[in-house]
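> the sequence and its predicted three-dimensional model are supplied below.
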Amino acid sequence: MTKECIIIKSKIREIVEATGTKEVQNISEDVAEALDKKVREMIKEGVKRAENNHRKTLYGRDI
């Protein structure tokens, strides 16, 4: 079973272009995969923080 990527690849390109760089023009396929992995880890850690603080709500500060 392949899990769905929660990262939007076109948004990565928009952010890279918004930096104003002329040097970086290509984005490897594994960038989205690496970001997806990091984001999932951050969410899991945030959930643990919320649980440790006896809250049912995940806040930005948990991330």
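Structure received. Residues are numbered from 1 along each chain as shown.
> name the element the residue nearest the centre of the chain belongs to?
Centrality entry for the chain: nearest residue to the mean C-alpha point is residue 39, 3.5 Å, by CA atoms, centre = their mean. Using DSSP states H and E, residue 39 sits in helix 29-52.
> quick one: buried residues of that helix?
Of the residues in helix 29-52, 32, 35, 46, 50 count as buried by neighbour count, 16 or more other CB atoms under 10 Å. Quick note: C-beta positions are derived from backbone N, CA and C, even for glycine.
> format those as JSON lines; extra columns: pLDDT and distance to residue 19.
Listed next are the buried residues of helix 29-52 as JSON lines, based on pLDDT from 0 to 100; distance: CB to CB, whole Å:
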{"residue": "32", "pLDDT": "94", "distance to residue 19": "17"}
{"residue": "35", "pLDDT": "96", "distance to residue 19": "16"}
{"residue": "46", "pLDDT": "98", "distance to residue 19": "26"}
{"residue": "50", "pLDDT": "98", "distance to residue 19": "32"}
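> can you redo those residues as a markdown table with distance to residue 25?
Shown next, in a markdown table, are these (distance: CB to CB, whole Å):
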| residue | distance to residue 25 |
| --- | --- |
| 32 | 17 |
| 35 | 19 |
| 46 | 34 |
| 50 | 40 |
